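Participant: fold the following.
(2 chains)
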Protein chains: 2
Amino acid sequence: MTSTTSLFDLKAAIADLAGLDIITDPQQIAKLSQDYYTFSPVLVEQLTGKVGGVVIRPVDEAEVIRVAQVCVKYKIPLTVRGAGTGNYGQCVPLEGGVILDMTRMTAVKWVKPGMARMEAGVKLSVLDKQTRETGWEIRMAPSTYRTATIGGFIGGGSGGIGSVTYGQLRDRGNLQAVRVVTMEDEPKAIELRGDDVYKVAHAYGTNGIITELEVPLAPAYPWAEAIVTFPDFMTAARFGQAISDADGVIKKLVCICADPIPGYFAALKSYFPEGSHCALLIVSETSLEALNEWLKDFGGTIAYQKTAQEASKGVTLSEYSWNHTTLHARSVDPTLTYLQTLFPDDKQLTLLEHMYQHFGDEVMMHLEFLRVGGVARPAALQVVRYTTEERLNEIIAYHEAKGAFIFNPHTYVLEDGGMKQVDVEQLKFKERVDPYGLLNPGKMRAWLER
Amino acid sequence: MTSTTSLFDLKAAIADLAGLDIITDPQQIAKLSQDYYTFSPVLVEQLTGKVGGVVIRPVDEAEVIRVAQVCVKYKIPLTVRGAGTGNYGQCVPLEGGVILDMTRMTAVKWVKPGMARMEAGVKLSVLDKQTRETGWEIRMAPSTYRTATIGGFIGGGSGGIGSVTYGQLRDRGNLQAVRVVTMEDEPKAIELRGDDVYKVAHAYGTNGIITELEVPLAPAYPWAEAIVTFPDFMTAARFGQAISDADGVIKKLVCICADPIPGYFAALKSYFPEGSHCALLIVSETSLEALNEWLKDFGGTIAYQKTAQEASKGVTLSEYSWNHTTLHARSVDPTLTYLQTLFPDDKQLTLLEHMYQHFGDEVMMHLEFLRVGGVARPAALQVVRYTTEERLNEIIAYHEAKGAFIFNPHTYVLEDGGMKQVDVEQLKFKERVDPYGLLNPGKMRAWLER
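Facilitator: Next up is the predicted model:
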């Protein structure tokens, strides 16, 4: 337990918030102080034992404002969380205080062709269920889609399943508007649109409490799924690049896993010949015939195929992609950890091939293709055999020295992950909306070092 | 009138075809022997006066087979046409004979999410009207969309409005299946799928008579339209590249016209400040806010904007794009002609800028962005001040020498346009399905020189 909770008068605050959904049970608080930072042995060391003092679950924006007012009054830290499916300790309350659990704010305000507005706490899968009735769905989602909230995804995520077509959340047009409650002396809700949304998107909840969002929707194609196996990893990787570059093929997921990763997928294991490398694909059912022609070119074998109808039931391949690949690997071997890497725009995949050969079994290659600035590139969420933090840092340094960009998942500091530098706009905005630095303290380096 | 019509017994053929919709009126035949090759002064010289001997308008595939049988029996050339909106003389009957007008075969066989099957003669706009009822539309279309047929587009086109997102017709997945009637001794219908479709796609009807097609559909977004003006051409061009590369912006048309081209758009003229360069844009209504941010970056001014609702009525901006840009310019000055150029994948647009400055007012720059191999690139349909064929060839040679790829629109020979080389698969297929060389004779160099 942290000692910081004694620095502020939590009891008085709780009394002021009478009538709200308040959780004081220590076990529940401990659970709601966590996310999936356990993927990182480095973060485990830094974050274990950090807990909030109380959890509050608002049901509407008025309640959020009330909580903000009380936290400002008593200068109590406030850390927002959605489902807690993040991996960087985004929602771990470093200085205790109030945990604001948004999962009861689940209203979908409206759905139009290509756009929807909703409260921050709605689960991505629940949102999709509603928008799909009119033929639309969210453009991109993390592999935690079934439980993750939209607010958590926008606050702490960057892209995912769908990014092979629509790029990342930071790309203009992928987030239309955000409504946030401030932590000023008189907290209020403000609406951000256009480029202003990036003042709070991917800011780990340090820049206002997201209450509502307007998010663009993608057409809900009849999504088919396929697992394709290849005897050679680089052929699988080149196939991934080719299908990602294929403008006539509608796709949502192009995930390539090097042997022995497929062996970690317990439920799918029987589909993989010994020593094979695989592609997990989600493509429009209407693109399957075109896909077959690409498979002929690259010598891939379809090991598993589901129609859209079949894929809509049971576990989908998304559940094995992005950071769920790591999850499955870790459920077999909990000593494993991971990296996040963006490889250069190079259709030859030269640096990727080098890293694959250089590290061998220590850094097992798992690629996710996504669009960056109009070009499909391989990102990697390599599964890493962890030995020491020093060795992990060596691996990271080697990648960076060779020109692969690392989004370090072994830090809870906002700027030290993917941004690498201070975002002046975000800092200026924080000075305005959170002058006392109460929102998720300890996460924004720009604020700590200003 | 050509004299070749006397080499075969057209009268006997017509007698054999009694009961079909047969046009023998010379004026009508002359009209149905043409397309819009008049855009090219070179083709005007080569094609003027070429006419067929009779026009037949089949209502179903059985009638197509009957016509094929009779043409084979009497060894009469057969040239297929849709609406005749092509520009390369694709459907001009060089050796007379039968003109097969497909515009009565208009049945839409079925529409599913993301795919439709239809007869070759249905107009693109009519097809869309039907598919839009279920939220879908064709992925790409020429600017002649209102009158062009799907069969004509697949037989003679390459891409168009929509290609900025979906690439070109030749990209796998953009054409699912084609059914053709052969001209063997026993004509029959055969279905081609997968890569086999390219044996007849963009073959000018030399490789079988397309009767039915299966074409993938795109989601029918609520398409808004905008005209943006820029004081400087290269800024407009760079804006075009940026918005084409913007993965979060849903778009259908990114057309950039250098001054003085906007002055040729009679109905839109009032929107353009003197000397301005423009972008004609069709984007999802949901992407308008993101578009505004790009306009701030590039200093573009919105001169005209229509919501999806407004844009669905009256003339759309598509009517000013692709080869309709040329059409509007020529309706003001009929001495103008055009070029078709693909510029390299170079985000700096270096070669484009060079050509713009090098040729000045003689080669007026008109860009259409489209995806090629996963990357957005500028194609140009420059409006050219024509003087002599020699000078036109000089301009073409200069482009090619500098590394710009020319799809020459001043030839009716299939391979001399964009392909540049013989397609062995197409030739082998022709030997099988048209052993007597009766289909649209004179258009395939591979056949003539074999």
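Participant: flag the shaky bits of the stretch 51-200 of chain A, pLDDT-wise.
Facilitator: By pLDDT under 70, the stretch 51-200 of chain A has no low-scoring segment.
Participant: residues from it in reach of chain B?
Facilitator: A:112-115, A:135, A:165-168, A:171-174, A:176, A:193-195 (CB under 8 Å from any CB of the partner chain). To be clear about C-beta, it is placed using only N, CA and C from the backbone, and glycine gets the same treatment.
Participant: can you do 6 Å?
Facilitator: Residues of the stretch 51-200 of chain A lying close to chain B by CB under 6 Å from any CB of the partner chain are A:113-115, A:135, A:166-167, A:171-174, A:194-195.
Participant: ok, the stretch 301-450 of chain A next?
Facilitator: So the stretch 301-450 of chain A meets chain B at A:371, A:373-376 (CB under 6 Å from any CB).
Participant: among those, which one has the most neighbours?
Facilitator: Using other CB atoms under 10 Å in any protein chain shown as the neighbour criterion, A:A376 leads those with 27 neighbours.
Participant: so who does it touch?
Facilitator: A:A376 sits next to A:244-245, A:369, B:374 when contact means CB atoms under 6 Å, 6 or more residues apart in numbering or on different chains.
Participant: narrow these to those in helices?
Facilitator: Under the assignment DSSP state H, the contacts of A:A376 contribute A:244-245 to helices.
Participant: if we can go back for a sec, how about the residues of the stretch 51-200 of chain A next to chain B in CSV, adding neighbour count?
Facilitator: Formatted as CSV, these follow (neighbours: other CB atoms under 10 Å in any protein chain shown):
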residue, neighbour count
A:P113, 20
A:G114, 23
A:M115, 21
A:G135, 18
A:Y166, 23
A:G167, 27
A:D171, 23
A:R172, 24
A:G173, 25
A:N174, 26
A:G194, 14
A:D195, 15
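Participant: nearest to A:Y271 among these?
Facilitator: Proximity of those to A:Y271 was ranked by CB to CB; the top entry is A:Y166 with 28.4 Å.
Participant: which residues touch that closest one?
Facilitator: A:Y166 neighbours (CB under 6 Å, 6+ apart): A:139-140, B:247.
Participant: return the distance of the residue in the stretch 301-450 of chain A that chain B sits nearest to relative to B:D345.
Facilitator: Chain B sits closest to A:G374 of the stretch 301-450 of chain A, with a gap of 2.9 Å, by CB to the nearest CB. Separation of A:G374 from B:D345 (CB to CB, to the nearest Å): 10 Å.
Participant: cool, A:A189 as well?
Facilitator: On the measure of CB to CB, A:A189 and B:D345 end up 45 Å apart.
Participant: compare those two (neighbour count), which wins?
Facilitator: Each of A:A189 and B:D345 has its neighbours counted (other CB under 10 Å); A:A189 has more, 17 against 13.
Participant: can you show me the strands along the stretch 51-200 of chain A?
Facilitator: A:54-56, A:78-81, A:98-101, A:108-112, A:115-119, A:136-138, A:177-181, A:189-193 (DSSP state E, counting those that start in this stretch).
Participant: and stretch A:410-417, C-alpha only, in CSV?
Facilitator: Presented in CSV, the C-alpha positions along stretch A:410-417 are these (Å, rounded to 0.1, in the frame of the first residue of the first chain):
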residue,chain,number,x,y,z
HIS,A,410,8.4,-1.2,-20.5
THR,A,411,7.8,2.3,-19.2
TYR,A,412,4.7,4.0,-17.8
VAL,A,413,5.9,7.4,-18.7
LEU,A,414,3.8,8.8,-21.6
GLU,A,415,6.7,10.4,-23.6
ASP,A,416,9.1,7.5,-23.1
GLY,A,417,6.9,5.0,-24.9
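Participant: mind listing what's buried along it?
Facilitator: Across stretch A:410-417, burial judged by 16 or more other CB atoms under 10 Å in any protein chain shown covers A:410-415, A:417.
Participant: and stretch A:59-79, by the same measure?
Facilitator: A:61, A:63-72, A:74, A:76-79.
Participant: how about stretch A:176-194?
Facilitator: Judged by neighbour count (16+ other CB under 10 Å), stretch A:176-194 contains these buried residues: A:176-184, A:187, A:189, A:192.
Participant: burial measure for A:L336, as a count.
Facilitator: Neighbours of A:L336 using other CB under 10 Å come to 18.
Participant: give me the pLDDT for it.
Facilitator: A:L336 is assigned 98 on the pLDDT scale.
Participant: and it, what does it touch?
Facilitator: A:L336 neighbours (CB under 6 Å, 6+ apart): A:329-330, A:383.
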